[in-house]
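Visitor: Below are the sequence and a predicted model for it; my questions follow.
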Protein chains: 2
Amino acid sequence: MANISDTIEQFIKSFFGESDSIQLSRNDLAHYFGVSPSQISYVLTTRFSVDKGYVIESKRGGGGSVTVAKIVGTKEDFLPELLKQTDALDALTFNRAVSMVERLARDGIITDGEASIVKSAIGDRALAVPMADALRKNIFKEILVGLIRR
Amino acid sequence: MANISDTIEQFIKSFFGESDSIQLSRNDLAHYFGVSPSQISYVLTTRFSVDKGYVIESKRGGGGSVTVAKIVGTKEDFLPELLKQTDALDALTFNRAVSMVERLARDGIITDGEASIVKSAIGDRALAVPMADALRKNIFKEILVGLIRR
DNA sequence: GGACGAAAGTCAAAGAAAGACTAATTTTGA
DNA sequence: TCAAAATTAGTCTTTCTTTGACTTTCGTCC
C-alpha cells in the first residue's frame, strides 16, 4: 500500500456509507493529496470500473463534479448476466476476473472465503500454461454455472 | 556460507519472528547487498519455495514490493501436509482431487459452498485441455496455498 | 451571444518496480 | 576429473503509477 493511488482509492471508498452514491471534486481531491488532477482520474478509472461494479458520471465547468455510484446487484439476474458477458469474451485476463470476483463478494453473492478460492484457482501461477486467458475464461464460466445452480 | 545467496537468505529470514509475513523491496535489497536485482529473485525462488514452506506474492510498478509469507502449521497440520503430498505428484486426477476436497469439507476446513466451487474449478469441463491432470495439480496446489494463508 | 474562467477529460511520456531470460562463473559430487 | 548443479550478473520486458500538456465542456458576467 505504499502507493498514493491505493490510498486515494480507500479514501474514496470510505465515503460510501449507507448511500450507494457519492459526489466528489477532482480538483479538491488532487489538491488534498498533493497530486495532479489526472491522478484522480486514474484512480477512478482503474479502481471504480464497471467490472468492479461502479458507474461514474461527471460534469465539467464551474461547479462541476464527479459522481461515483455503486451498481447494486440484482442478485438473481446478475449471475446469468455475468455468464453471458464472460461467454462473449474470447479470453479473460486475471485482472478482469478479479474485478468480477470482488464485485460478487462485495454484493454478497459469494463469501470472501469463496472469492479468495476463486482467485487462487484462476491466478497466473495456477494457470501457467499457454493460452492461459482462454482457459481462465473456461474455468470461470464453470464456476459461474455452479453458482447459478445453488 | 561463503556465498552471498545464503547471506541474503539469512538476512531475509531475520525479519520473520514477530510476524509470519514480511514485505520487502527487491531493488532496495539488491542495492543493500550490492548485487543485481535478479539475484534477489534467485534467492527468493530457490530458498522460499512452497515446498520449503513459503509463499511469495508481489506487485510491480510504483510502490511495488514482494511479500514473503511463512506457511505456518495450522490446526492438525493437515493442509500443509496435503500440499506437500500434492506437490509430490506429477498429476492429479479429478476423482482423486474430489476425494481430497470432500475430506476438507467433512473436516470443516472449507464450507460446502467452497467445496463446490473448487469442484467446478477443477472439473473436467473446466479443464478441457491436454495435460489436464498436470494443470489440475497446479490449480489445486494454489488453492491449498490460499487456504493455508487464511 | 461572446469572452472568460472553472471544471473535468484525454493521452502520451516518463518513472518505478518486479519478472523473465540468458550467459557466465563457481561449486559439488560421482 | 569433469559434468551437472548452483550461483551470480546483466539485460530486456511487462506492469503499474505518476505527471503534465492540451482539449472539451459548462457556467457566468458583461
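Guide: Thanks, I have it. These numbers come from a predicted model, not from an experiment.
Visitor: what's the spacing between the helix ranked longest in chain A and its chain's center?
Guide: Within chain A, and with DSSP state H defining each element, the longest helix by residue count is helix A:132-148. Between the mean C-alpha point of helix A:132-148 and the mean C-alpha point of its chain there is a distance of 18 Å (C-alpha atoms, centre = their mean, to the nearest Å).
Visitor: Mind listing residues that contact it?
Guide: By C-beta atoms under 8 Å, 6 or more residues apart in numbering or on different chains, the residues outside helix A:132-148 that reach it are A:79-80, A:82-83, A:86-87, A:89-94, A:97, A:100, A:104, A:109-110, A:118, A:121-122, A:124, A:127, A:129, B:116-117, B:119-121, B:123, B:125-129, B:135, B:139. For the C-beta atoms, the positions are set from N, CA and C on the backbone; glycine is no exception.
Visitor: Show only the entries of those residues found in helices.
Guide: Judged by DSSP H, helices contain the following of the contacts of helix A:132-148: A:79-80, A:82-83, A:86-87, A:94, A:97, A:100, A:104, A:118, A:121, B:116-117, B:119-121, B:135, B:139.
Visitor: Mark out where each domain of chain A begins and ends.
Guide: Residue ranges of the domains in chain A are recorded as A:4-70, A:78-148, according to automatic domain parsing.
Visitor: in the longest helix of chain A, what's buried?
Guide: The neighbour-count check on helix A:132-148 (16 or more other C-beta atoms under 10 Å in any protein chain shown) flags A:132-133, A:135-147 as buried.
Visitor: B:Pro37: which of those residues is nearest?
Guide: Ranked by distance to B:Pro37 (C-beta to C-beta), these are led by A:Ala132 at 25.3 Å.
Visitor: And the pLDDT at that closest one?
Guide: According to the predicted model, the pLDDT of A:Ala132 comes to 91.
Visitor: about what we covered before: just want the angle from the longest helix of chain A to helix B:132-148.
Guide: In this structure, helix A:132-148 runs at an angle of 70 degrees to helix B:132-148, with axes from the mean of the first three to the mean of the last three C-alpha atoms, to 10 degrees as the basis.
Visitor: helix or strand for the residue most central in space within chain A, which one?
Guide: Centroid-nearest residue in chain A, with C-alpha atoms, centre = their mean: A:Lys52, separated by 1.7 Å. For A:Lys52, there is no enclosing helix or strand under DSSP states H and E.
Visitor: what's the distance between the nearest residue to it once chain neighbours are set aside and A:Asp124?
Guide: Distance criterion C-beta to C-beta, 6 or more residues apart in numbering or on different chains; nearest residue to A:Lys52, sequence neighbours excluded, is A:Ser99 at 4.6 Å. Noted for A:Ser99: a distance of 15 Å to A:Asp124, by C-beta to C-beta, to the nearest Å.
Visitor: got it, and A:Ser65?
Guide: As defined by C-beta to C-beta, A:Ser65 lies at a distance of 38 Å from A:Asp124.
Visitor: Who has more neighbours out of A:Ser99 and A:Asp124?
Guide: Each of A:Ser99 and A:Asp124 had its neighbours counted (other C-beta atoms under 10 Å in any protein chain shown), and the higher figure belongs to A:Ser99 (18 against 13).
Visitor: Surely that one and A:Asp51 touch.
Guide: Yes - proximity of A:Ser99 to A:Asp51 meets the contact threshold set by C-beta atoms under 8 Å, at 3.8 Å.
Visitor: which residues are in contact with both of these two?
Guide: The contact sets of A:Ser99 and A:Asp51 do not overlap (C-beta under 8 Å, 6+ apart).
Visitor: Do you know the pLDDT at A:Met1?
Guide: Per-residue confidence for A:Met1 comes out at a pLDDT of 61.
Visitor: actually A:Ile143, not the one I typed
Guide: In this prediction, A:Ile143 carries a pLDDT score of 97.
Visitor: how about the closest residue to it other than its chain neighbours, what does it touch?
Guide: Of all residues beyond its chain neighbours, the one nearest A:Ile143 is B:Ser120 (4.6 Å), with distances taken as C-beta to C-beta, 6+ apart. Taking C-beta under 8 Å, 6+ apart as the criterion, B:Ser120 is in contact with A:Ile139, A:Glu142, A:Ile143, A:Val145, A:Gly146, B:Ala126.
Visitor: Just give me the closest of those to DNA strand C.
Guide: Of all the contacts of B:Ser120, DNA strand C sits closest to A:Ile139, with 19.7 Å by C-beta to the nearest atom of the strand.
Visitor: so who does the spatially closest residue to the closest one that is not a sequence neighbour touch?
Guide: Using C-beta to C-beta, 6+ apart and skipping the chain neighbours, the partner closest in space to A:Ile139 is B:Ala126 (4.4 Å). If you count contacts by C-beta under 8 Å, 6+ apart, B:Ala126 has them with A:Asn138, A:Ile139, A:Lys141, A:Glu142, A:Ile143, B:Ser120.
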